[in-house]
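**Student:** Dropping a prediction and its sequence here:
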Amino acid sequence: MEMILAFTVLGVLLVLGMGALGTAIGFGILGGKFLEGSARQPELAPQLMGRMFLVAGLIDAVTMIGIGIGMWFTFANPYLAALAG
């Protein structure tokens, strides 16, 4: 049973860690491309900013789904409930 708990914790760790890493890389690329596009054509900056915020929300949504899956694996695991209760 301890192995199941250990692998569950490792799986949740990987889901959350890779989600955070992917979000950080995505925001870095997104911000860089926004600044590059605004520098090339300043008159399009408001339109680019709106699209940037839309994509930023989608990038965050992927991470939030990963957090939800990680919490589900953590708290819906019957072996963890048996240990806690």
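**Tutor:** Structure's in. What do you need?
**Student:** right, and the helix or strand after the longest helix anywhere in the chain?
**Tutor:** In the chain, assigned by DSSP state H, the helix with the most residues is helix 2-40. As assigned by DSSP states H and E, the chain's next helix or strand after helix 2-40 is helix 45-75.
**Student:** ok, back up a step: so what secondary structure elements neighbour the longest helix of the chain?
**Tutor:** helix 45-75, helix 78-84 (3 or more CB pairs under 8 Å, 6 or more residues apart in numbering; DSSP states H and E). Every residue, glycine included, has its C-beta placed from N, CA and C.
**Student:** most packed of the ones you listed?
**Tutor:** Among the helices and strands packed on helix 2-40, helix 45-75 has the highest mean neighbour count (mean count of other CB atoms under 10 Å), at a mean of 13.
**Student:** how much does it deviate in direction from helix 2-40?
**Tutor:** Going by axes from the mean of the first three to the mean of the last three CA atoms, to 10 degrees, helix 45-75 is angled at 180 degrees with respect to helix 2-40.
**Student:** Residue 10 and residue 28, how far apart?
**Tutor:** From residue 10 across to residue 28, the span is 27 Å (CB to CB, to the nearest Å).
**Student:** likewise residue 11?
**Tutor:** Counting by CB to CB - residue 11 and residue 28 are separated by 26 Å.
**Student:** and what of residue 55?
**Tutor:** 13 Å.
**Student:** Spatially central residue for the protein, please.
**Tutor:** residue 63 (2.0 Å; CA atoms, centre = their mean).
**Student:** For that one, give me its contacts.
**Tutor:** 19-20, 22-23 (CB atoms under 8 Å, 6 or more residues apart in numbering).
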